[in-house]
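1. fold the stuff below for me.
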Amino acid sequence: MKVIRLKQVFSTAAALALLGIATSALAQFVWLDEKGVKQYSDMPPPASVPNKRILKSPGHSLPRGNDAEQADAGTDSKSDAKAPPTIADQNAAFQKRKVEQAEKDKKAAQEAKQKADKTANCANARANQRTLDSGARIAQTDANGQRSYINDEQRAQQTQENRRILDDCQ
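-> Numbers count the residues shown, from 1 in each chain. You can find the predicted model right below:
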């Protein structure tokens, strides 16, 4: 019976020793050195290693530096790590992109319409210029419905106006 109790005491002591070793294994530092290689140690990394390269330290506070540096490191990690966007944020971003795309499409359609109008106006101006250059008699209808023919002075004036329009077409 004493042998059995002695075995229980030894096995309990061995289990406690293993438990102590396991918890000390959790108290490790992990950091990236200047070459980008992961380093593991139970000692803190050298002072030359910046806080952002320390991947793991026992507890949540860094063991080196003064309290101000530790506080700065804590605020830096909070500002650097963004929380994942919520569904409401994702919806808002989607709606914003949707509105921007609709505005872009509307602007593109408006520009296409203006370009088509300009092309049609230029084609009409070219046709008018051919008519003016032909020397044929050109009739106009006034506000009363009376037909009259343009004289040389009016032809020169219309030709000048038509050429100004055609200059914008080229």
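2. as a check, name the ranges of all helices in the protein.
-> Per DSSP state H, the chain carries helices over the ranges 2-26, 67-80, 87-134, 152-169.
3. pick out the shakiest of those, pLDDT-wise.
-> Among the helices of the chain, helix 67-80 has the lowest mean pLDDT, at a mean of 47.
4. before we move on, the earlier item: out of the helices of the chain, nearest to Lys52?
-> helix 67-80 (7.5 Å; CB to CB). From N, CA and C alone the C-beta is placed, and that goes for glycine too.
5. from Gln158, how far out is Asn128?
-> 8 Å (CB to CB, to the nearest Å).
6. what of Lys35?
-> 81 Å.
7. out of the two, which sits in the more crowded spot?
-> Gln158 (17 against 6; other CB atoms under 10 Å).
8. wait, what's in contact with the nearest residue to the more buried one once chain neighbours are set aside?
-> In this structure, Gln158 finds its nearest non-sequential neighbour in Leu132, 6.0 Å apart by CB to CB, 6 or more residues apart in numbering. Residues near Leu132 by CB atoms under 8 Å, 6 or more residues apart in numbering: 138, 155, 158-159, 162.
9. for these, which one is nearest Phe10?
-> Asn162 (113.1 Å).
10. distance of that closest one relative to Asn91?
-> 55 Å.
11. these two - which one has more neighbours?
-> The neighbour comparison of Asn162 against Asn91 (other CB under 10 Å) goes to Asn162, with 20 against 11.
12. what's the burial count for Asn128?
-> 17.
13. excluding sequence neighbours, find me the nearest residue to it.
-> Asn162 (5.4 Å).
14. would you list the helices of the chain in CSV and tack on distance to Lys56?
-> Putting the helices of the chain into CSV (distance: least, CB to CB, whole Å) gives the following:
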stretch, distance to Lys56
helix 2-26, 10
helix 67-80, 13
helix 87-134, 30
helix 152-169, 69
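15. out of these, the one nearest Gln146 is which?
-> Across the helices of the chain, closest to Gln146 is helix 152-169 (CB to CB), at 15.4 Å.
16. give the buried residues for stretch 158-165.
-> For stretch 158-165, a neighbour-count test (16 or more other CB atoms under 10 Å) marks 158, 162 as buried.
17. report the backbone C-alpha coordinates of it in PDB.
-> Extracted as PDB, the C-alpha positions of stretch 158-165 are listed here (Å, rounded to 0.1, in the frame of the first residue of the first chain):
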ATOM      1  CA  GLN A 158     -24.200  83.100 -94.200                       C
ATOM      2  CA  THR A 159     -21.000  81.700 -95.700                       C
ATOM      3  CA  GLN A 160     -19.000  83.500 -93.000                       C
ATOM      4  CA  GLU A 161     -21.300  82.100 -90.200                       C
ATOM      5  CA  ASN A 162     -21.200  78.600 -91.700                       C
ATOM      6  CA  ARG A 163     -17.400  78.600 -91.900                       C
ATOM      7  CA  ARG A 164     -17.200  79.600 -88.200                       C
ATOM      8  CA  ILE A 165     -19.400  76.600 -87.400                       C
END
